[in-house]
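**Student:** starting from these lines, generate the structure:
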Amino acid sequence: MNSVTINHRQENISLPLEIENGSTLLARTAGPKHSLVILDKRELDRHCLAQCMSAHTKDFLVLAFGSIDEWKVKREEYPPLSAIILNVGGRMVDEPAVSEQIKNLSSEFASTPVIVLADSDDFDQIVRAIDYGAKGYIPATVSISVCMELIALSVAGGLFVPASALFAMRHLLQSNNTTAHPMAGIFTDRQAEVVAALRRGKANKIIAYELNLRESTVKVHVRNIMKKVKATNRTEVVFKLNDLFPDSLSGSGISRELC
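**Tutor:** Here you go, the predicted structure:
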């Protein structure tokens, strides 16, 4: 009986497979009409990932190469390319070699989504990857089945980023909002509007008209503001507010129309 050997150093991994005369060949049965290419210089990592992905999809032929040039040599042997998965592992997206690779792939394969697979789910890294042209960013914390669903989403034209990125963006927006409104936490939203009007020297009648309030309501807000800043009159309110929030008022100067 002829012994069968398998070459474990093949340059790509694809399923389904069959063994014939000691060589690993594509099965002759009808297979997927599209292929996914994993790019990773780490041979063991890319082959293991390709095997796992192949076991979770019947829609794509999963191939693994150390570089895009290696794939180009054999591209005619495989179905049309649907997506490129760039596995950067623990490297940072903003490393020159990685960023250039993303940019070059995204530029050369403009109609094919380039998806970054990385260990990190850092918000800044995700934003940079998308900015460099990636159509998706998948952290290594997801399961293989979820990973395949996200790849399918990108192939369909979607753009995926981890939920952690959305939470980070929300936190960033909230931080920016706090910076833009330094009186938050001291005054209510309505009181802050009255404060801004007071600092511009506007009279109660004008404040009431501009804020669509009764003049009596404005007076109540003014009294509450005076209590919070421990002021005894409107003039003192304005000076204390200017000391508390010197940079929060736009415009040049403050009117002295303190009625």
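
**Student:** for the protein, what helix or strand is lowest in average pLDDT?
**Tutor:** Within the chain, no helix or strand scores below strand 17-20, which has a mean of 35 by mean pLDDT, DSSP states H and E.

**Student:** can you give me the strands in the stretch 101-250 of the chain?
**Tutor:** 114-118, 136-139 (DSSP state E, counting those that start in this stretch).

**Student:** ok, L39 touching L86?
**Tutor:** Yes - the pair L39 / L86 is scored as a contact, 5.1 Å apart, by Cβ atoms under 8 Å. Where C-beta positions appear, they are placed from N, C-alpha and C, glycine not excepted.

**Student:** list residues touching both of the two?
**Tutor:** Listed as contacting both L39 and L86 by Cβ atoms under 8 Å, 6 or more residues apart in numbering are L105.

**Student:** mind checking how far stretch 76-91 is from the chain centre?
**Tutor:** 21 Å (Cα atoms, centre = their mean, to the nearest Å).

**Student:** let me fix that: stretch 68-85
**Tutor:** 28 Å.

**Student:** looking at the longest strand seen in the chain now, give me its mean pLDDT.
**Tutor:** The longest strand of the chain (DSSP state E) is strand 81-89. Here strand 81-89 scores 94 as its mean pLDDT.

**Student:** partner strands of it, parallel or antiparallel?
**Tutor:** Partner strands and pairing direction for strand 81-89 (DSSP bridges) are strand 34-39 (parallel), strand 114-118 (parallel).

**Student:** which of the strands of the stretch 101-250 of the chain is buried the deepest?
**Tutor:** strand 114-118 (a mean of 25; mean count of other Cβ atoms under 10 Å).

**Student:** hmm, back to that, mind putting the strands paired with strand 81-89 into a markdown table with distance to A231?
**Tutor:** Output for the strands paired with strand 81-89, formatted as a markdown table (distance: least, Cβ to Cβ, whole Å):
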| stretch | distance to A231 |
| --- | --- |
| strand 34-39 | 66 |
| strand 114-118 | 55 |
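
**Student:** would you turn those strands into CSV with mean pLDDT and distance to A50?
**Tutor:** Listed next are those as CSV, based on pLDDT from 0 to 100; distance: least, Cβ to Cβ, whole Å:
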stretch, mean pLDDT, distance to A50
strand 34-39, 94, 5
strand 114-118, 94, 12
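
**Student:** so which of those comes closest to Y78?
**Tutor:** strand 34-39 (4.8 Å; Cβ to Cβ).

**Student:** give me the next element, helix or strand, following the closest one.
**Tutor:** helix 43-54 (DSSP states H and E).

**Student:** now do the buried residues in that next one.
**Tutor:** 46-47, 49-50, 53-54 (16 or more other Cβ atoms under 10 Å).

**Student:** ok, now stretch 99-119?
**Tutor:** 99, 101-102, 105-106, 109, 112-118.

**Student:** repeat that for stretch 207-214.
**Tutor:** In stretch 207-214, counting by 16+ other Cβ under 10 Å, buried: 207-208, 211, 213.

**Student:** from those residues, which is closest to A231?
**Tutor:** Closest approach to A231 among these (Cβ to Cβ): I207, at 16.6 Å.
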